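Asker: Take this sequence and fold it.
(3 chains)
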Amino acid sequence: MLEARLGSTTLLKKIVDALKEILSQSTLDCSASGIQLQAMDNSHVSLVAMSLRRECFERYRCDRNVALGLDLKSLMKVLKCASGDDAVTISAADKADKLQLRFESAGNERTADYELRLLNLEQDHLAIPETDYACVVHMPSTEFARICRDLATFSESVVIACSKDGIKFSASGELGSANITLSETSKGDVSLQVEEPVTLCFAVRYLNSFTRATSLADKVKIGLAADVPLLVEYPIEDHGYIRYYLAPKVDDPD
Amino acid sequence: MLEARLGSTTLLKKIVDALKEILSQSTLDCSASGIQLQAMDNSHVSLVAMSLRRECFERYRCDRNVALGLDLKSLMKVLKCASGDDAVTISAADKADKLQLRFESAGNERTADYELRLLNLEQDHLAIPETDYACVVHMPSTEFARICRDLATFSESVVIACSKDGIKFSASGELGSANITLSETSKGDVSLQVEEPVTLCFAVRYLNSFTRATSLADKVKIGLAADVPLLVEYPIEDHGYIRYYLAPKVDDPD
Amino acid sequence: MLEARLGSTTLLKKIVDALKEILSQSTLDCSASGIQLQAMDNSHVSLVAMSLRRECFERYRCDRNVALGLDLKSLMKVLKCASGDDAVTISAADKADKLQLRFESAGNERTADYELRLLNLEQDHLAIPETDYACVVHMPSTEFARICRDLATFSESVVIACSKDGIKFSASGELGSANITLSETSKGDVSLQVEEPVTLCFAVRYLNSFTRATSLADKVKIGLAADVPLLVEYPIEDHGYIRYYLAPKVDDPD
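Answerer: Numbering: from 1, shown residues only, chains lettered A, B, ... in the order given. This is a model prediction of the structure:
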């Protein structure tokens, strides 16, 4: 059986909110080491991988591997019934057809128990090869979200060009064109590790859907290399992450 | 004639906002002792009774009983033209076909006079028998509102079970099930007076419409007894109330 | 060529937001003395005149007169890509077909360059005769906005009556009627200069569209005289303004 307790529901809400932006249903793989999820987005273009190591939890017990097939919109509906500062315990028996969620208020004067039907989902296990990225950029996650939102006004495609001088995001369309350049700052807001310069083009609407995870982390890590998928990674506290992968567009953005 | 003055429009806005949630048109019965309203909701299922004793008002005069037939959405439109801290005076001549509303700003540099057409409405006078409730619960009004909203996610029906141990709200449907339990706390947030345990089932959408009155009072009083309508009462300051009555569902919630 | 720099984008956003409420496309006339705009609203009923003298800008250079034909919704989309505290530099070459906008963050670690296509628009140059208004009223711009919004609930027309005693706004319709009176106050919030009393009737939806400029200025100036258009003027800091003109309705408001 699985039993996992978080001191605050807020973190779980943010994670599920980010995942449900690109997945309607998915399977959580629970094992002794923690909880994992890996899936293609609904349109089978980008890939998301989530990991919550057992250290993320206040209490964690998983005797036997369990796969929990979940409808993420339904899970979000249940999570919305919790206050952010309620503690949450999720549990499931072996071969359960229900997920149990218990929300407890700080003073314990309120206990709310929810049961959510589990789904039998087929799972593709996807191998994500380790990649050495030619450019690795750390930047404020809100800045990345703002750039993706702004450039989507101009075009469906965004060109990301990274060199030692900075990272430049560009888009052009009927309205006009946009070029946003970030340089490494002494404040350390933006940091660049560049082995060789890279210029790649991506579909901006997928980038935008990744930024739904913005509230999870102050910083986002971006990994770029020629001919391999872009990595966009949001750390989850100290023991977890959500990683998004998106293949570059091969045709010219114009 | 009627003349009644409140030091702040906010209270009147909250009352009308609550009433218009379940009534489109209704009659205010004004007499020397204050203002009363009693009506079935638009779908003729629940009943609402409102009372504002003359002590609620800064100034109150009503020489002769007046029945003011009002369209509540129209009244709300007029009230929205007042700042919350404007004083409001409502007045009507005997046999008037118009209600006068005057809003005055604190410094008196702004006076706004509104006239609202009155309606000729038929009135059913409904006898509400005094009831000894087997269970009387006082709880924070925001907590009651939250429970009704959350359970509406799961089902059209909610089962309320009250005993000396606590009050439990339950709902179950396709999504899953929910059980929320409140216990009497030392803080005194929740208090229970239980003569005998009661378990009853109600249509949650009516409960939800009652919670539109939440902003009127910190605490809500719930009265339950077998085979009689549920009472949900919001006090209005020290001299008034809105009471809602809803008959239990006789069929099983599932 | 034109080059004009503002220390903060917020002011420019407010101006364009106000203009786009009544104009879809328009021409900015740039000269050595500053930037001007003059146009009929989309429905050719009211007139708007905007002036930003060169003193409004942190840096201003315009060697040769330039007319910049702009789609205001598109311009607003670009401005939304700036933070309020970004500095903005707009520039255009002589006979340019593009407007350049550069947004720079405070620490300069972020530079965003946008290009917006310019349009070839026909321009009517409209002569606005200087008028001596029989009544000139200064009042808080938020109060004027609130009155226009409130009266639009009652009627399409609003009667403005101004005398030494105060300024009264009236409307009546199916719902009922409204009369809002403001008097000159010792606080100086409202000031009246009245040569002779005036009573005029206006279409309230145009007044409402003018109030989109409310955030530009704490005070609005209203000028009234028999048989000439109403003036509604919002100052822009110390060296500019947006002025709206609206002809009175000749038919009776009822």
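Asker: What are the structural domain limits within chain A?
Answerer: As recorded under automatic domain parsing, the domains making up chain A are A:2-117, A:135-246.
Asker: does chain B sit close to stretch A:118-125?
Answerer: No - Stretch A:118-125 stays clear of chain B (C-beta under 8 Å from any C-beta of the partner chain), getting no nearer than 9.5 Å. (C-beta placed from N, C-alpha, C; glycine too.)
Asker: Would you mind measuring from the most far-flung residue of chain A relative to its centre to chain B?
Answerer: Seen from the C-alpha centroid of chain A, the residue lying at the greatest distance (C-alpha atoms, centre = their mean) is A:Glu109, 34.0 Å away. For A:Glu109, the distance to chain B equals 4 Å [C-beta to the nearest C-beta, to the nearest Å].
Asker: Hmm, that residue is touching B:Gly188, no?
Answerer: No - using C-beta atoms under 8 Å, A:Glu109 makes no contact with B:Gly188, being 10.5 Å away.
Asker: Look at the closest residue to A:Ala152 other than its chain neighbours and say how many residues are nearby.
Answerer: Among residues not flanking A:Ala152 along the chain, A:Val204 sits closest, at 4.8 Å (C-beta to C-beta, 6 or more residues apart in numbering or on different chains). When neighbours are counted by other C-beta atoms under 10 Å in any protein chain shown, A:Val204 registers 23.
Asker: now the one 5 residues further on
Answerer: Neighbour count for A:Ser209, taken as other C-beta under 10 Å: 20.
Asker: sorry, back to before: columns mean pLDDT and distance to C:Ser31 on top of the domains of chain A, output as a markdown table?
Answerer: A markdown table is the format used below for the domains of chain A (pLDDT from 0 to 100; distance: least, C-beta to C-beta, whole Å):
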| stretch | mean pLDDT | distance to C:Ser31 |
| --- | --- | --- |
| domain A:2-117 | 94 | 49 |
| domain A:135-246 | 95 | 24 |
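Asker: Any chance of TSV for the ones you listed, columns distance to C:Leu175?
Answerer: As requested, the domains of chain A are exported to TSV (distance: least, C-beta to C-beta, whole Å):
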stretch	distance to C:Leu175
domain A:2-117	38
domain A:135-246	41
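Asker: which one of these lies closest to B:Leu75?
Answerer: domain A:2-117 (33.2 Å; C-beta to C-beta).
Asker: Where do the helices of the stretch 101-250 of chain A begin and end?
Answerer: Per DSSP state H, counting those that start in this stretch, the stretch 101-250 of chain A carries helices over the ranges A:141-152, A:204-210.
Asker: ok, for the closest residue to chain B within the stretch 151-254 of chain A, nearest residue in space, not its chain neighbours?
Answerer: Here the stretch 151-254 of chain A gets closest to chain B at one residue, A:Arg212, 21.6 Å apart by C-beta to the nearest C-beta. Computed as C-beta to C-beta, 6+ apart, the closest residue to A:Arg212 that is not its neighbour in sequence is A:Glu21, at 3.9 Å.
Asker: count of neighbours near that neighbour?
Answerer: A:Glu21 has 17 neighbouring residues, counting by other C-beta under 10 Å.
Asker: ditto for A:Val190
Answerer: Using other C-beta under 10 Å: A:Val190 sits among 19 other residues.
Asker: Spit out the contact partners of it.
Answerer: For A:Val190, the contacting residues are A:137-140, A:143, A:166-167, A:182-184, C:109, by C-beta atoms under 8 Å, 6 or more residues apart in numbering or on different chains.
Asker: which bits of the stretch 101-250 of chain A sit near chain C?
Answerer: Near chain C, when you scan the stretch 101-250 of chain A using C-beta under 8 Å from any C-beta, you find A:143, A:150, A:153, A:174-183, A:185, A:187, A:189-190.
Asker: Kindly recompute the last result at 10 Å.
Answerer: Near chain C, the residues belonging to the stretch 101-250 of chain A are A:139, A:143, A:146-147, A:149-151, A:153-154, A:166, A:168-170, A:172, A:174-187, A:189-190 when assessed by C-beta under 10 Å from any C-beta of the partner chain.
Asker: Going through those, which ones are buried?
Answerer: A:139, A:143, A:146-147, A:150-151, A:153-154, A:166, A:168-170, A:172, A:175-185, A:189-190 (16 or more other C-beta atoms under 10 Å in any protein chain shown).
Asker: Backbone dihedrals for the residue farthest from the centre of chain A, both of them.
Answerer: Backbone geometry at A:Glu109, expressed as degrees, to the nearest 10, gives phi -80, psi 0.
Asker: Spatially nearest residue to it, not counting backbone neighbours?
Answerer: By the measure of C-beta to C-beta, 6+ apart, the closest residue to A:Glu109 outside its immediate chain neighbours is B:Thr185, 4.2 Å from it.
Asker: And for A:Leu70, the neighbour number?
Answerer: Other residues near A:Leu70 come to 24 when the count uses other C-beta under 10 Å.
Asker: The strand or helix carrying it: what's the following helix or strand?
Answerer: Element membership of A:Leu70 [criterion: DSSP states H and E] is strand A:66-71. Sequence-wise, the next helix or strand downstream of strand A:66-71 (DSSP H and E) is helix A:72-79.
Asker: Which residues belonging to that following helix are considered buried?
Answerer: Applying 16+ other C-beta under 10 Å to helix A:72-79 flags A:72, A:74-79 as buried.
Asker: CA atoms only: put stretch A:161-180 into PDB for me.
Answerer: Extracted as PDB, the C-alpha positions of stretch A:161-180 are listed here (Å, rounded to 0.1, in the frame of the first residue of the first chain):
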ATOM      1  CA  ALA A 161      19.600  31.800 -30.000                       C
ATOM      2  CA  CYS A 162      22.100  31.300 -27.200                       C
ATOM      3  CA  SER A 163      25.700  32.400 -27.100                       C
ATOM      4  CA  LYS A 164      28.200  33.600 -24.500                       C
ATOM      5  CA  ASP A 165      26.700  37.100 -25.000                       C
ATOM      6  CA  GLY A 166      23.300  36.200 -23.900                       C
ATOM      7  CA  ILE A 167      20.100  34.400 -24.800                       C
ATOM      8  CA  LYS A 168      17.800  35.900 -27.500                       C
ATOM      9  CA  PHE A 169      14.200  35.100 -28.100                       C
ATOM     10  CA  SER A 170      12.800  36.200 -31.500                       C
ATOM     11  CA  ALA A 171       9.400  36.100 -33.200                       C
ATOM     12  CA  SER A 172       8.000  37.800 -36.300                       C
ATOM     13  CA  GLY A 173       4.700  37.800 -38.000                       C
ATOM     14  CA  GLU A 174       2.000  40.100 -39.400                       C
ATOM     15  CA  LEU A 175       1.900  42.400 -36.500                       C
ATOM     16  CA  GLY A 176       5.600  43.100 -36.600                       C
ATOM     17  CA  SER A 177       8.600  41.500 -34.900                       C
ATOM     18  CA  ALA A 178      10.100  41.100 -31.400                       C
ATOM     19  CA  ASN A 179      13.600  40.400 -30.100                       C
ATOM     20  CA  ILE A 180      14.200  40.000 -26.400                       C
END
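Asker: ok, now how distant is the residue farthest from the centre of chain A from A:Leu192?
Answerer: Distance of A:Glu109 to A:Leu192, computed by C-beta to C-beta, to the nearest Å: 51 Å.
Asker: same check, this time on A:Cys162
Answerer: Look at A:Cys162 and A:Leu192: by C-beta to C-beta, they are 7 Å apart.
Asker: Which residues are in contact with each of the two?
Answerer: Here A:Cys162 and A:Leu192 have A:135-137, A:182, A:222 as joint contacts, going by C-beta atoms under 10 Å, 6 or more residues apart in numbering or on different chains.
Asker: Contact residues of the stretch 101-250 of chain A facing chain B?
Answerer: Contact residues (C-beta under 10 Å from any C-beta) of the stretch 101-250 of chain A with chain B: A:101-103, A:105, A:107-118.
Asker: So for A:Cys162 and A:Leu192, which sits in the more crowded spot?
Answerer: Neighbour tally, A:Cys162 and A:Leu192, criterion other C-beta under 10 Å: the higher count belongs to A:Cys162, 25 against 19.
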